[in-house]
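1. Quick one, structure for this:
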Amino acid sequence: MHSRFEHSLGVYWLSSKAIECLQQHQRSELDIDQSDIMTVKLAGLLHDIGHGPFSHTFDGAFLHRVLPGSNWSHEQMSAKMIDYIVDEHQIDIDPTDIKRVKEMILSSSDNSYKKAHSEKNFLFDIVANGRNGIDVDKFDYIERDCRACGINTSFQFERLMESMKVIDDEICYRAKEYWDVHKLFVTRADLYRMVYTHPKVKALELMLADALVLANGYLDISSRIDDPAEYWKLDDFVLKTIETAPDEGLKEARTLILRMRRRDLYQYCNEYSVPYEQLEHYKEVTPQDIVCAQKKSGIILKEEDIAVSNIKIDLTRGDENPVNRVHFFQDYDSTSKFSIDKDRISQLLPASCQDRIVRVYSKKPELVSVVSEAFENFQLKTYGVKTQVHGTPARKKHRSLNRLK
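-> Take a look at the predicted model:
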């Protein structure tokens with residue numbers, strides 16, 4: 001088990017190692033100075049300081065529901081928090097350096113700043129790479145999460161770091177490291193499939209988001225996201241606040257958290273992968289879609305009985321192969337860069353680089369059988385066939401039917 005604090009320390013250390021590698025191999029060409037080293041290391045240390053409680057559950061599953069249409073991001077908040085910390089603690093640091101740190105953190109974000117510097121753009125490839133997604137942030141969490149979860153991986157970030165070379169102000173890699181670059185993105189996708197979107201993980205995330213939404217009207221959680229002076233006080237302890245507050249209005253949220261503590265989770269019913277030919281026209285499935293697909297039966301489902309998780313797993317660039325954006329070089333004497341088409345490497349590489357998975361849960365254990373049947377009807381209605389690979393386990397259906405008796 002590890003925390004985001006440990007991850008931040010890891011990214012700080014890897015940022016230092018990455019710039020050391022570049023300095024060691026191309027010292028005279030790159031003119032890397034102490035300000036460059038400091039700003040890269042600070043960006044690595046502070047890149048996630050804007051995360052809210054429960055990280056991506058907070059800025060995804062929670063905020064998207066209470067503030068629909070908001071473009072708030074934890075990267076933007078990281079930039080605001082840095083300004084707040086510097087001002088609040090009167091830290092003596094060059095404003096130009098702080099601006100660069102924020103630019104480096106936001107360089108892969110949709111809200112990236114327009115860089116004030118037109119040279120040394122390769123420095124912005126190290127922590128949060130907006131060009132192709134190869135950065136030390138991924139190096140750390142992929143290695144750290146694989147080890148913590150006992151997942152074997154053949155990806156070696158050390159090889160990539162040792163092979164880096166700046167050509168035309170961009171970090172490039174030796175052509176022979178193509179497979180290590182590919183493994184980086186594939187290993188990340190594997191982590192999403194096996195860990196981050198595991199059915200039990202998503203069940204807990206859905207319940208946590210529901211609890212936070214229910215509590216938001218009483219605790220005004222979402223009202224703090226634009227003020228760093230209030231935002232920093234938000235942490236995972238918000239769950240204890242909900243559990244111990246005497247307010248009757250928090251009863252539903254308390255009940256959900258108690259269910260989480262007792263492992264009385266939303267019950268997984270089934271899932272399917274959206275057919276390749278339907279990906280282009282895919283639109284997210286809602287509980288209402290499942291309810292509307294229900295055939296007449298003794299039990300009438302309501303939207304609040306169902307939770308739907310629309311899962312996207314890709315190689316960081318949607319349906320585009322991110323390796324297409326990576327530039328390579330032949331050997332260390334090379335002065336030119338080039339891209340490599342996947343067909344020149346192997347015919348076994350995938351034609352599509354993303355999966356869309358629709359997963360349905362019953363919020364009440366006794367409704368698993370009914371929700372599962374409605375979900376199957378939805379698939380028949382949408383695609384003409386059941387696209388799920390297997391049926392809902394009979395034991396789980398039987399258990400739910402017994403509860404209804």
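
2. Number of residues surrounding residue 174?
-> Applying other Cβ atoms under 10 Å, we find 20 residues neighbouring residue 174. The C-beta positions use only the backbone N, C-alpha and C, and glycine is treated the same way.

3. typed the wrong thing, it's residue 56
-> For residue 56, using other Cβ under 10 Å, the count is 13.

4. Now for it: which residues touch it?
-> By Cβ atoms under 8 Å, 6 or more residues apart in numbering, residue 56 lies in contact with nothing.

5. Distance of it relative to residue 44?
-> Taking Cβ to Cβ, to the nearest Å as the measure, residue 56 falls 19 Å from residue 44.

6. By residue count, which helix of the chain is the longest?
-> Ranked by number of residues, the top helix in the chain under DSSP state H is helix 4-30.

7. and that helix, what does it pack onto?
-> helix 34-46, helix 136-149, helix 157-162, strand 165-167 (3 or more Cβ pairs under 8 Å, 6 or more residues apart in numbering; DSSP states H and E).

8. Give the buried residues for the second one.
-> So that's helix 136-149. 136-143, 145-146 (16 or more other Cβ atoms under 10 Å).

9. Just send the helices and strands packed on helix 4-30 back as TSV, with mean pLDDT and distance to residue 9 too.
-> Output for the helices and strands packed on helix 4-30, formatted as TSV (pLDDT from 0 to 100; distance: least, Cβ to Cβ, whole Å):
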stretch	mean pLDDT	distance to residue 9
helix 34-46	97	7
helix 136-149	96	9
helix 157-162	94	16
strand 165-167	97	26
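
10. Of these, which is nearest residue 362?
-> Nearest to residue 362, of all the helices and strands packed on helix 4-30, is helix 136-149, at 26.9 Å by Cβ to Cβ.

11. Need the contact partners of the closest one.
-> The contact list for helix 136-149 (Cβ under 8 Å, 6+ apart) reads 1-2, 6-7, 10-11, 14-15, 17-18, 44, 47, 126-128, 151-153, 155, 157, 160-161, 184, 187-188, 191, 194-195.

12. go on, stretch 305-312?
-> 197, 202, 205-206, 210, 266, 284-287, 289-291, 354-364, 367, 371.

13. and the residues you listed, which are buried?
-> 197, 202, 205-206, 210, 266, 285, 287, 289-291, 354-364, 367, 371.

14. what distance separates the start and the end of stretch 21-39?
-> Chord length of stretch 21-39, first to last residue, is 16 Å (Cα to Cα, to the nearest Å).

15. picking up where we left off before, please, a PyMOL command that selects the buried ones among the contacts of helix 136-149?
-> Entered in PyMOL, the line below selects the buried ones among the contacts of helix 136-149, by 16+ other Cβ under 10 Å:
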select buried, resi 7+10+11+14+15+17+18+44+47+126+127+128+153+155+157+160+161+184+187+188+191
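
16. show me the contacts for residue 132.
-> Counting by Cβ under 8 Å, 6+ apart, residue 132 touches 322-323, 325-326.

17. check contacts around residue 319.
-> Contacts of residue 319 by Cβ under 8 Å, 6+ apart are 279, 352-354.

18. Narrow the residues you listed to those in helices?
-> Using DSSP H to define helices, no part of the contacts of residue 319 is located there.

19. which pair in those residues spans the largest distance?
-> The most widely separated members of these are 279 and 353, with 10.6 Å between them, by Cβ to Cβ.

20. Neighbour count for those two, which is higher?
-> Set residue 279 next to residue 353 and count neighbours by other Cβ under 10 Å: residue 353 wins out with 22 against 15.

21. my read: the more buried one touches residue 323, true?
-> No: if you go by Cβ atoms under 8 Å, residue 353 and residue 323 don't touch, sitting 9.3 Å apart.

22. TSV please, covering the helices and strands packed on helix 4-30 and showing distance to residue 103.
-> Formatted as TSV, the helices and strands packed on helix 4-30 follow (distance: least, Cβ to Cβ, whole Å):
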stretch	distance to residue 103
helix 34-46	8
helix 136-149	15
helix 157-162	22
strand 165-167	18
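
23. so residue 307 sits in a strand?
-> Yes: assessed by DSSP: H, G, I helix; E, B strand; the rest coil, residue 307 belongs to a strand.

24. Kindly state the beta-bridge partners for it.
-> Beta-bridge partners recorded for residue 307 (DSSP bridges): residue 361.

25. got the residue ranges for the strands in this protein?
-> Ranges of strands within the chain are 165-167, 170-174, 267-273, 306-314, 328-329, 354-362, based on DSSP state E.

26. For residue 230, which non-adjacent residue is spatially closest?
-> Here the nearest residue to residue 230 in space, its sequence neighbours aside, is residue 224; by Cβ to Cβ, 6 or more residues apart in numbering that works out to 4.1 Å.

27. For residue 287, see how far away that neighbour is.
-> As judged by Cβ to Cβ, residue 224 and residue 287 stand 29 Å apart.

28. Hmm, residue 51 is touching residue 63, no?
-> No: using Cβ under 8 Å, residue 51 is not in contact with residue 63, being 12.0 Å away.

29. So between these two, which is more surrounded?
-> A direct count of neighbours by other Cβ under 10 Å for residue 51 and residue 63 places residue 63 higher, at 23 against 19.

30. Nearest residue to the middle of the chain?
-> Centroid-nearest residue in the chain, with Cα atoms, centre = their mean: residue 56, separated by 6.3 Å.

31. ok, it to residue 39 distance?
-> Computed as Cβ to Cβ, the residue 56 to residue 39 distance reads 26 Å.

32. now residue 64
-> 32 Å.

33. neighbour-wise, which of these two wins?
-> For residue 64 versus residue 39, neighbours defined as other Cβ under 10 Å are more numerous around residue 39 (25 against 13).

34. Am I right that the more buried one is in contact with residue 102?
-> No: look at residue 39 against residue 102 with Cβ under 8 Å: they stay out of range, at 9.7 Å.

35. my read: the residue nearest to residue 230 touches residue 238, true?
-> No: using Cβ under 8 Å, residue 224 is not in contact with residue 238, being 10.5 Å away.

36. Comparing these two, which residue is more hemmed in?
-> When residue 224 and residue 238 are compared on other Cβ under 10 Å, the one with more neighbours turns out to be residue 238, at 19 against 16.

37. Thanks a lot, see you next time.
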